[in-house]
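*Asks:* Sharing a model that was predicted from the sequence below.
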Protein chains: 2
Amino acid sequence: MKAQRFKLTIEYDGRPFVGWQKQDNGPTVQAALEAACRGFAPDEHITVTGSGRTDAGVHATGQVAHMDLVREMTADALQGALNYHLRPNPVSVLKVEAVPDDFHARFSATRRHYTYRIINRRGPLTFERGLVWQVSRLLDHEAMHEAAQLLVGTHDFTTFRHTECQAKSPVKTVDYLTVERDGQEISLHAGARSFLHHQIRSITGTLKLVGEGSWNADRVRSALEAKNRQALGLNAPPDGLYFRQVEYDTSE
Amino acid sequence: MKAQRFKLTIEYDGRPFVGWQKQDNGPTVQAALEAACRGFAPDEHITVTGSGRTDAGVHATGQVAHMDLVREMTADALQGALNYHLRPNPVSVLKVEAVPDDFHARFSATRRHYTYRIINRRGPLTFERGLVWQVSRLLDHEAMHEAAQLLVGTHDFTTFRHTECQAKSPVKTVDYLTVERDGQEISLHAGARSFLHHQIRSITGTLKLVGEGSWNADRVRSALEAKNRQALGLNAPPDGLYFRQVEYDTSE
């Protein structure tokens, strides 16, 4: 029986999950998706392969995954079946597309995009607890944007990498980093072929120090050049991080 | 002892509340605020007066209220004390200002602004359950905006009014109604000196019927002219409604 490969675009609220990747210590998004598959295809042993992992409490608005299905279903029917069987998990399959067999959510990806959301105000959070990072001190988003440009390009990001990061090399190329303000909300947008574990949270934590005036741009440059995790000022919490989009050469 | 009047600007997540106004059948935002006042001023019997009620499940990003305080506190200290004692309620005091004694959150208000948020997509909600209205059928937001203009101005809104609405007259003047789309999100913005009970939810439900093509603009006009609640097509759920801003002549 020939299987059909499908590309899934997925949104999820990371709060109840210990992360994307299946593991023994709690609920994961991948496990929720594979359990949903057993709901309508109990005889197939379907693996859902993501384009990248996300940590506990990290969200996605555009995670991409692929899966193979032997039984015949249209992309629309598969989307409906997945969403039906995902309930009540806060995971939503936004789009399903039939793709060629050589499409691989992780290895075919050419660029990944993340957004980190900060609410910059004194009043505590209401709707968005766990969905943004609340920072009380007024942040200078223009200084943050300017300092961020020091981190664009190809660098050894050892300082901005979790000590348990499994990537072979600490050298990554960051295509863009922008910091914008819309009222009380500050958004950091980042894109690269791939990121190191905790790279965006470490960059965001550092830029927060710049925004509040504790660090200047020279200090950011020194931290980068130190190539030492000990030189990191601050790692931002998972709450505000969203896996926003994955690009592929073959589609999108 | 002379009391000082303060104006509060308040954000709240309506999901756990039976509404703004104190009542016996469940937690309310007003009761949460008054309980917070007892936390730092147990000897004063403080009433927190809102600019308007909101129903169960309706949210606010800019509700306004006033309260009188006899003990001496700066506006900043009062904001901190309120937010501290409000925990863990999803209610956040965004701003506190000392105001003259004749300021009244309800009677001094000259205009109220609301926003209704729709997520227009097939995939179920994740982050925003209870915070938006999800509509699966593709909505024509331009047709909604056009039909909305029929409801701008001074009209008898009996059709768009809860049967238990306590306002003396069903005649209201709607200053503006706009419908915008930003990707999968459709927002309806409305402003008026005051609104009837369920007026915005009834308008939104009606415009949703227009957006999906079930109703045309003539049908909206007929419903308005019927001046009869039975002529209403649909009342939108509370989930997507936000009390956004209150205007006063004396401030803002």
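*Replies:* Thanks, I have it.
*Asks:* got the phi/psi numbers for A:Gly57?
*Replies:* Dihedral pair for A:Gly57: phi 80, psi 0, per degrees, to the nearest 10.
*Asks:* Excluding sequence neighbours, find me the nearest residue to it.
*Replies:* Nearest non-adjacent residue to A:Gly57, counting by C-beta to C-beta, 6 or more residues apart in numbering or on different chains: A:Pro238, 3.6 Å away. All C-beta spots, glycine's among them, are computed from the backbone N, C-alpha and C.
*Asks:* Just give me the neighbour total for the one you found.
*Replies:* 20 (other C-beta atoms under 10 Å in any protein chain shown).
*Asks:* In contact with it, which residues are there?
*Replies:* A:14, A:55-58, A:201 (C-beta atoms under 8 Å, 6 or more residues apart in numbering or on different chains).
*Asks:* can we see that at 6 Å?
*Replies:* A:55, A:57-58 (C-beta atoms under 6 Å, 6 or more residues apart in numbering or on different chains).
*Asks:* again, but for A:Thr178
*Replies:* Neighbour list for A:Thr178: A:His189 [criterion: C-beta under 6 Å, 6+ apart].
*Asks:* again, 8 Å this time
*Replies:* A:145, A:148, A:188-189.
*Asks:* closest to chain B among those residues?
*Replies:* A:His189 (15.4 Å; C-beta to the nearest C-beta).
*Asks:* Which secondary structure element is home to that closest one?
*Replies:* Element membership of A:His189, judged by DSSP states H and E, is strand A:185-192.
*Asks:* neighbouring strands for that strand, and are they parallel or not?
*Replies:* Sheet pairing of strand A:185-192 (DSSP bridges) gives strand A:109-120 (antiparallel), strand A:171-182 (antiparallel).
*Asks:* for chain B, what are the nearby residues on the stretch 51-200 of chain A?
*Replies:* Applying C-beta under 8 Å from any C-beta of the partner chain, we find that the stretch 51-200 of chain A lies next to chain B at A:59, A:79, A:83, A:86-87, A:90-95, A:121-127, A:129, A:131.
*Asks:* Buried members of those into PyMOL, please.
*Replies:* PyMOL command restricting these to the buried ones, with burial defined by 16 or more other C-beta atoms under 10 Å in any protein chain shown:
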select buried, chain A and resi 59+79+83+86+90+91+92+93+94+95+121+122+123+124+125+126+127+131
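*Asks:* Okay, and which of the residues of the stretch 51-200 of chain A next to chain B map to helices?
*Replies:* Counting by DSSP state H, those place A:79, A:83, A:86 in helices.
*Asks:* pLDDT and distance to A:Gln4 for these - can I get that in JSON lines?
*Replies:* As requested, those are arranged in JSON lines below (pLDDT from 0 to 100; distance: C-beta to C-beta, whole Å):
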{"residue": "A:Gln79", "pLDDT": "98", "distance to A:Gln4": "14"}
{"residue": "A:Asn83", "pLDDT": "98", "distance to A:Gln4": "19"}
{"residue": "A:Leu86", "pLDDT": "98", "distance to A:Gln4": "20"}
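*Asks:* Kindly indicate which of these lies nearest chain B.
*Replies:* Using C-beta to the nearest C-beta, A:Asn83 comes nearest to chain B of these, at 5.5 Å.
*Asks:* Isn't that closest one up against A:Val93?
*Replies:* Yes: with contact defined as C-beta atoms under 8 Å, A:Asn83 counts as touching A:Val93 (5.4 Å).
*Asks:* Need the residues touching each of these two.
*Replies:* Contacts common to A:Asn83 and A:Val93, judged by C-beta under 8 Å, 6+ apart, are B:Gly123.
*Asks:* number of nearby residues for A:Gln230?
*Replies:* Other residues lying near A:Gln230 total 8 when counted by other C-beta under 10 Å.
*Asks:* so how far is the first residue of stretch A:130-149 from its last?
*Replies:* One end of stretch A:130-149 sits 28 Å from the other (C-alpha to C-alpha, to the nearest Å).
*Asks:* What residues of that stretch count as buried?
*Replies:* So for stretch A:130-149, counting by 16+ other C-beta under 10 Å, buried means A:130-135, A:139-141, A:143-145, A:147-148.
*Asks:* looking at the strands paired with strand A:185-192, which is buried most?
*Replies:* A comparison of the strands paired with strand A:185-192 by mean neighbour count, using mean count of other C-beta atoms under 10 Å in any protein chain shown, puts strand A:109-120 on top with a mean of 20.
*Asks:* I'd like the mean pLDDT over it, please.
*Replies:* Here strand A:109-120 scores 98 as its mean pLDDT.
*Asks:* Following element in sequence after it, please.
*Replies:* As the chain continues past strand A:109-120, the following element, by DSSP H and E, is strand A:133-135.
*Asks:* strands paired with that following strand, and their directions?
*Replies:* Paired with strand A:133-135 in the same sheet, following DSSP bridges, are strand A:109-120 (parallel).
*Asks:* The strand it pairs with: how far from the chain's middle?
*Replies:* Per C-alpha atoms, centre = their mean, to the nearest Å, the displacement of strand A:109-120 from the mean C-alpha position of its chain is 7 Å.
*Asks:* quick one, helices of chain A?
*Replies:* Secondary structure of chain A by DSSP H: the helices cover A:29-40, A:75-86, A:141-148, A:199-211, A:217-226.
*Asks:* does any part of the first one sit near chain B?
*Replies:* No: for helix A:29-40, no contact with chain B is found by C-beta under 8 Å from any C-beta; the gap never falls below 10.5 Å.
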